[in-house]
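Colleague: Sequence and predicted structure are below.
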Amino acid sequence: MRVHVADHPLITHKLTVLRDKNTPSPIFRSLTEELVTLLAYEATREVRTETVEIETPVTTTTGLAISSPRPLVVPILRAGLGMLEGMVKLLPTAEVGFLGMLRDEETFEPKTYAERLPDDLSGRQCFVLDPMLATGGSLGAAIKFLFDRGADDVTAICLLAAPEGVAALEKLTEGRDVKLVLGTVDERLDEHGYIVPGLGDAGDRLYGLV
Ligand SMILES: O=P(O)(O)OC[C@H]1O[C@H](OP(=O)(O)OP(=O)(O)O)[C@H](O)[C@@H]1O
Ligand SMILES: O=c1cc[nH]c(=O)[nH]1
Ligand SMILES: [Mg+2]
């Protein structure tokens, strides 16, 4: 697994506002979208392209177009949904698959309650979105889902990660081509499996309590 930690002042600034418990949902949502746009720049560095010929008003030239098969963007519901719009703005030809996962807050095991993905992902570049990588259970299960459908090129984008979650994913993805793009890596997990200092429950901060 290749890990890229952005650690850029604009990203740190926006994360600081996200972390603040007084930041209300509408601002939290727009910052999440802005952050994914910044992280997607690195995450899409190896997006597959093909050479195309075009005519400018002046002459004929060659450029690049995103090639087929189209990339697949997979937000992990709920919280990953907050990153979807920012991502597809940058990758407008992408298709979107959905995974709904809820972490059991006692065992930290993720339960998959919704799945809408193509059956065959061989040859597809996949971009998984989830703002929080805590124990790594949810993202690990999502990546395994994609591997099981034949994906071999997976990039995950998370805003915040715990070192424990990064280590768990390293183990799970050994020998596979997985790229992990992170806004930052926090200190640790607490006894409830929450990222410290973190930002609390991203799903609740985006969409309210359920
Ligand atoms: O790395 P893990 O220990 O698996 O924890 C991280 C997961 O927990 C959160 O989702 P949650 O289960 O709270 O669902 P939600 O998005 O509906 O709030 C978060 O968005 C991740 O999916
Ligand atoms: O810190 C955490 C851990 C799991 N899920 C979240 O939303 N936040
Ligand atoms: Mg949640």
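Modeller: Arrived safely, thanks for sending. Ligands and ions are numbered 1, 2, ... in the order given.
Colleague: Can you say which helix or strand has the residue of the chain found nearest ligand 1 in it?
Modeller: Ligand 1 sits closest to Gly203 of the chain, with a gap of 2.1 Å, by C-beta to the nearest ligand atom. C-betas here are computed from N, CA, C, even on glycine. Under the assignment given by DSSP states H and E, the secondary-structure element containing Gly203 is helix 202-207.
Colleague: name the helices or strands packed onto that helix?
Modeller: Packed against helix 202-207 by the contact rule (3 or more C-beta pairs under 8 Å, 6 or more residues apart in numbering; DSSP states H and E) you find helix 25-43.
Colleague: Could I get the full set of strands for this structure?
Modeller: In the chain, strands defined by DSSP state E lie at 2-5, 49-55, 60-66, 72-77, 95-96, 98-103, 110-116, 125-129, 132-133, 153-161, 178-185, 188-189, 195-196, listed in chain order.
Colleague: Quick check: which of those strands is nearest to ligand 3?
Modeller: strand 98-103 (7.1 Å; C-beta to the ion).
Colleague: ok, and does the closest one reach over to ligand 3?
Modeller: No. Strand 98-103 lies out of reach of ligand 3 by C-beta under 5 Å from the ion, never closer than 7.1 Å.
Colleague: before we move on, the earlier item: for the helix holding Gly203, which positions count as buried?
Modeller: 202-203, 205-207 (16 or more other C-beta atoms under 10 Å).
Colleague: In CSV, list those along with distance to ligand 2 and pLDDT.
Modeller: Converted to CSV, those look like this (distance: C-beta to the nearest ligand atom, whole Å; pLDDT from 0 to 100):
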residue, distance to ligand 2, pLDDT
Ala202, 4, 98
Gly203, 6, 97
Arg205, 8, 97
Leu206, 9, 97
Tyr207, 11, 96
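Colleague: gap between Asn22 and Thr37?
Modeller: To Thr37, Asn22 is 24 Å away according to C-beta to C-beta, to the nearest Å.
Colleague: What lies in contact with stretch 11-24?
Modeller: For stretch 11-24, contacts defined as C-beta atoms under 8 Å, 6 or more residues apart in numbering pick out 27-28, 31-32, 34-35, 38-39, 159-160, 183-184, 197-200, 205.
Colleague: Swap in 7 Å and give it another go.
Modeller: By C-beta atoms under 7 Å, 6 or more residues apart in numbering, the residues outside stretch 11-24 that reach it are 28, 31, 34-35, 38, 159, 183-184, 197, 199-200.
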